[in-house]
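Peer 1: what shape does this take:
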Amino acid sequence: MSLAARSAIVMMDTRPAFAHARATPQYPQLAVALNRLYACKHGYDLLYLRMRKAVCHHGPHERHPSYCKLVAVAEALSRGYGLVVFMD
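Peer 2: Next up is the predicted model:
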């Protein structure tokens, strides 16, 4: 299957996708694990994009993190995915 025919589930957060080996997973890590299982079962790719800061920067402006959702979807589309779903 070509990448253009593939679908991606996109998640984005400031927190890590995985817990340290001895740490108890928290909600973000559990959500990634659950979405990864769903993606694998249905033949989708899961893209987890981690923000470096709690605000989104576009040019000279700081914006609410919700603006970065569009950037995350655009990033997945730029990688050649035919369908992208953002999970919030």
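Peer 1: show me where this structure has helices.
Peer 2: For the chain, the helices defined by DSSP state H occupy 27-42, 68-78.
Peer 1: show me what the first one is packed up against.
Peer 2: It stands for helix 27-42. strand 7-13, strand 45-50 (3 or more C-beta pairs under 8 Å, 6 or more residues apart in numbering; DSSP states H and E). To be clear about C-beta, it is placed using only N, CA and C from the backbone, and glycine gets the same treatment.
Peer 1: which residues sit against it?
Peer 2: 9, 11, 13, 15-19, 25, 44-46, 48, 87 (C-beta atoms under 8 Å, 6 or more residues apart in numbering).
Peer 1: ok so, going back, make a markdown table out of the helices and strands packed on helix 27-42 and add distance to Arg36 and mean pLDDT.
Peer 2: A markdown table is the format used below for the helices and strands packed on helix 27-42 (distance: least, C-beta to C-beta, whole Å; pLDDT from 0 to 100):
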| stretch | distance to Arg36 | mean pLDDT |
| --- | --- | --- |
| strand 7-13 | 9 | 92 |
| strand 45-50 | 5 | 91 |
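Peer 1: can I get those strands in a markdown table with distance to Ala74?
Peer 2: Formatted as a markdown table, the helices and strands packed on helix 27-42 follow (distance: least, C-beta to C-beta, whole Å):
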| stretch | distance to Ala74 |
| --- | --- |
| strand 7-13 | 10 |
| strand 45-50 | 11 |
